[in-house]
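Participant: the following comprises the amino acid sequence and a computationally predicted model.
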Amino acid sequence: MRAVTSKEKSITIIQKPPKKSFWKTLVQQKYLYLMSVPFVLLVIVFNYFPLWGWTMAFQNYKPALSLFQQEWVGFEHFIELFSDERFYRALRNTLGMSVLGLTVGFVMPIIFAVLLNEVRISIFKRTVQTITYLPHFVSWVVVAGIVTKMLSTDGGVINEMLVSLGILDKPTQFMAEGTYFWGIVVASDIWKEMGWNAIIFLAAISGIDSQLYEAAKVDGAGRLRQIWHVTLPGIRPTVLVLLILNIGHLTSIGFEKQMLLGNNLVVDYAEVLDLYALNYGIGLGRFSYGTAIGIFNSVISIILLFVANGIFKKYSNSSVM
Amino acid sequence: MKDRLFDSFIYIYLLFISVVTLYPFLNVLAISLNESIDTVRGGIYIWPRSFTLDNYKEIFQYDNLITGFINSASRTIIGTILGVLSSAMVAYTLSRADFQGRKWFSTIIVLTMYFSGGLIPGYMLIRDLGLINSYWVYIIPGIVNAFNIIIVRSFMDGLPYALQESAKIDGANDFTIFWKIIMPLCKPVLATVALFVAVGHWNSWFDTYLYNSMNENLTTLQYELMKILQNTSMGSTDPNSMKGMTADQLKTFVSPESIKMAISIVTIVPILVIYPFVQKYFVQGMTIGAVKS
């Protein structure tokens, strides 16, 4: 009896240490704080301070004046934005390239991963992987140079091939035609990232229980049927989560490709929202207007993410938020 | 029978993909190693017709390229060390269940993956901090990366806690535990993060373009390459422009096309050298990161 009480006592002592104050724990965990606080401060400065800059969109921001001297103009910049023809063109280009990139650029890595998974000769599989991951690590600057070279009219391999196959009569200036620009951007993106994006699907496939394949084989399923009934359903959750995330990023496709591959001849098809903000905001020094473009972009992104997430929540059990 | 047909289809498809991926690199390499005057005739595919190293000798005459190379290399080294250390330290504190700042810090860091202030406010901040026209704009803003922290943290969550406990009993403080026990165990994931960060630094040109384009001493290799590639006057080589040249001029003529290709190769080589050593790690790293985020 006594033994039990003393045991209980000792347990209570271990489980309920006298509640330490915040400061006491802080001193005790000083090394943990030293390891994290400087970096959290950096995050706050570089990620949260710029949010304050959103107020610029509602002012006539003048760099020389202090915060309290700025003139507030409400939604004036947004109204101007929505009445600018160039804005709608930039919006069209952004959505055009991202929807195209999302549909084609999302399906290709899945097909690639599924087919690569069927390869039994491991050295062949590894070689293909090594080769296809490589372009991911090369800069867009180099890729833009390569794409321009491949599509050029003098000695560009694509023109030479199309002409020798009789598809084209004479070499075409692909980089000078606005109507080709979206296709070029999307195709070069796929060339660069398909192998890399497939890694995630390959990982999902390798997580599928091999007994399922055995069972399918016993039921007489050939390779194609196994893919259809086992592999594809197996990676469904991964596919859905990535799809939702990608939809959320529809308008934030960046501007690196567009800036590097674009030129004056194709600007009508190359200018995306971020480039538009860059040209107006920093190029022309219209910081307030440029910020308004950025805010519009972020708001659209968040709405798309919520809509996509809502739709998938309704039709499946997966959700990313 | 059907399966065999399917198999051959897969092999043909994958071979096709590999060739399409690899060919442009080989083509660029061949052009960079070919006499530039001969290149203009066209028809260089994956093998140089008349081999020369002149194009490479030529690009090392450009002062800006040397400066750019030094800046790119130094920011890659400094940036990678700081990036890996910050990811490891923050990830470690966030993986410690007893750390009282954990919840707050974790929220602050993860939220940054879903929004950003945007281009213009970001530019204004850098300007107000006095980082424009400074080398530090390459290093400081990019030290902490939420995605990398999450990758490292999910790796650390998989380590047995008993290791830390026994070290604590031996009297080690939190920093010693991190440095002596956790860091060595995290080598695979740290190699992955190091690769991501290093490639990011090596490949970036936009920060130079935006913040440091006035200062030639702060230029980077990719930015110089970007300038040369974007320069349309140096664009495609016109064979007619060579007609008026004397024999002597022709001898020393180096076409911009060859120069572009030689610089491209110079920027790719460091990646190719490191790539085989880290390949086995990054697949693992990508997978962990993907599952968590």
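Facilitator: Thanks, I have it. Numbers count the residues shown, from 1 in each chain, chains lettered A, B, ... in the order given.

Participant: quick one: the helices in the stretch 151-300 of chain A?
Facilitator: For the stretch 151-300 of chain A, the helices defined by DSSP state H, counting those that start in this stretch occupy A:157-164, A:178-206, A:210-218, A:223-226, A:232-248, A:256-261, A:267-270, A:273-277, A:287-315.

Participant: mind checking which of those helices is nearest residue A:81?
Facilitator: Closest approach to residue A:81 among the helices of the stretch 151-300 of chain A is made by helix A:287-315 (5.4 Å; C-beta to C-beta). No exception for glycine: its C-beta is placed from N, CA and C like everyone else's.

Participant: in that closest one, which residues are buried?
Facilitator: Neighbour counts over helix A:287-315 (16 or more other C-beta atoms under 10 Å in any protein chain shown) mark A:287-298, A:300-301, A:304-305, A:308-309, A:312 as buried.

Participant: deepest in the core, which of the helices of the stretch 151-300 of chain A is it.
Facilitator: Of the helices of the stretch 151-300 of chain A, the one with the most neighbours on average (mean count of other C-beta atoms under 10 Å in any protein chain shown) is helix A:273-277, at a mean of 24.

Participant: for it, name the packing helices and strands.
Facilitator: Secondary-structure packing of helix A:273-277 (3 or more C-beta pairs under 8 Å, 6 or more residues apart in numbering or on different chains; DSSP states H and E): helix A:85-117, helix A:287-315, helix B:119-128.

Participant: what angle separates the second one from helix A:232-248?
Facilitator: Using axes from the mean of the first three to the mean of the last three C-alpha atoms, to 10 degrees, the direction of helix A:287-315 lies 150 degrees away from that of helix A:232-248.

Participant: cool, the last one as well?
Facilitator: In this structure, helix B:119-128 runs at an angle of 60 degrees to helix A:232-248, with the same axes, to 10 degrees as the basis.

Participant: how close does the spatially most central residue of chain B get to chain A?
Facilitator: Centroid-nearest residue in chain B, with C-alpha atoms, centre = their mean: residue B:199, separated by 1.8 Å. As judged by C-beta to the nearest C-beta, to the nearest Å, residue B:199 and chain A stand 5 Å apart.

Participant: wait, doesn't that residue sit right on residue B:271?
Facilitator: Yes. Residue B:199 is in contact with residue B:271 according to C-beta atoms under 8 Å; the separation is 6.6 Å.

Participant: grab the nearest non-local neighbour of the closest residue to chain B within the stretch 151-300 of chain A.
Facilitator: Closest residue of the stretch 151-300 of chain A to chain B, C-beta to the nearest C-beta: residue A:294 (3.0 Å). Counting by C-beta to C-beta, 6 or more residues apart in numbering or on different chains, residue A:294 lies nearest to residue B:118, which is 3.0 Å off, once chain neighbours are set aside.

Participant: so what's the one you found up against?
Facilitator: A:50, A:53-54, A:277, A:291, A:294-295, A:297-298 (C-beta atoms under 8 Å, 6 or more residues apart in numbering or on different chains).

Participant: and it, what pLDDT?
Facilitator: Note on residue B:118: pLDDT of 83.

Participant: over to it: give its phi and psi.
Facilitator: phi 100, psi 170 (degrees, to the nearest 10).

Participant: on that earlier part again, in a markdown table: the helices of the stretch 151-300 of chain A, plus distance to residue B:157 and mean pLDDT.
Facilitator: Formatted as a markdown table, those follow (distance: least, C-beta to C-beta, whole Å; pLDDT from 0 to 100):
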| stretch | distance to residue B:157 | mean pLDDT |
| --- | --- | --- |
| helix A:157-164 | 48 | 86 |
| helix A:178-206 | 18 | 92 |
| helix A:210-218 | 27 | 90 |
| helix A:223-226 | 34 | 88 |
| helix A:232-248 | 20 | 85 |
| helix A:256-261 | 33 | 91 |
| helix A:267-270 | 44 | 91 |
| helix A:273-277 | 35 | 90 |
| helix A:287-315 | 25 | 85 |
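
Participant: can you redo the ones you listed as TSV with distance to residue B:135?
Facilitator: Converted to TSV, these look like this (distance: least, C-beta to C-beta, whole Å):
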stretch	distance to residue B:135
helix A:157-164	40
helix A:178-206	29
helix A:210-218	53
helix A:223-226	56
helix A:232-248	35
helix A:256-261	22
helix A:267-270	32
helix A:273-277	26
helix A:287-315	25
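
Participant: for residue A:122, find the nearest of the ones you listed.
Facilitator: Closest of the helices of the stretch 151-300 of chain A to residue A:122 is helix A:178-206, at 13.0 Å (criterion: C-beta to C-beta).

Participant: looking at it, residue B:168 is touching residue B:181, isn't it?
Facilitator: No. The criterion here is C-beta under 8 Å, and residue B:168 misses it with residue B:181 at 10.1 Å.

Participant: of the two, which one has the most company?
Facilitator: Ranked by neighbour count (other C-beta atoms under 10 Å in any protein chain shown), residue B:168 and residue B:181 place residue B:181 first, with 16 against 13.

Participant: can you give me the buried ones in the host helix or strand of residue B:72?
Facilitator: Assigned by DSSP states H and E, residue B:72 belongs to helix B:63-95. Burial within helix B:63-95, assessed by neighbour count using 16+ other C-beta under 10 Å, is assigned to B:65, B:67-69, B:71-72, B:75-76, B:78-80, B:82-84, B:86-95.

Participant: rewinding a little: what sits in contact with each of residue B:199 and residue B:271?
Facilitator: Common neighbours of residue B:199 and residue B:271 (C-beta under 8 Å, 6+ apart) are residue A:137.

Participant: of the buried residues of helix B:63-95, which are in range of chain A?
Facilitator: Taking C-beta under 8 Å from any C-beta of the partner chain as the test, chain A is in contact with B:86, B:89-90, B:92-94 out of the buried residues of helix B:63-95.

Participant: ok, these vs residue B:134, which is closest?
Facilitator: residue B:86 (20.0 Å).

Participant: tell me the contacts of the closest one?
Facilitator: Residue B:86 neighbours (C-beta under 8 Å, 6+ apart): A:39, A:42, B:143-144, B:149.

Participant: buried subset of the residues you listed, written for ChimeraX?
Facilitator: This is the ChimeraX syntax for the buried subset of those, where burial follows 16+ other C-beta under 10 Å:
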select /A:39,42 /B:143,144,149
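
Participant: reformat the contacts of residue B:86 as TSV; add secondary structure.
Facilitator: TSV is the format used below for those (DSSP: H, G, I helix; E, B strand; the rest coil):
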residue	secondary structure
A:39	helix
A:42	helix
B:143	coil
B:144	coil
B:149	helix
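
Participant: list just the nearest of the contacts of residue B:86 to residue A:124.
Facilitator: Nearest to residue A:124 out of the contacts of residue B:86 is residue B:149 (C-beta to C-beta; 36.5 Å).

Participant: checking residue A:62 next. Helix, strand or coil?
Facilitator: coil.
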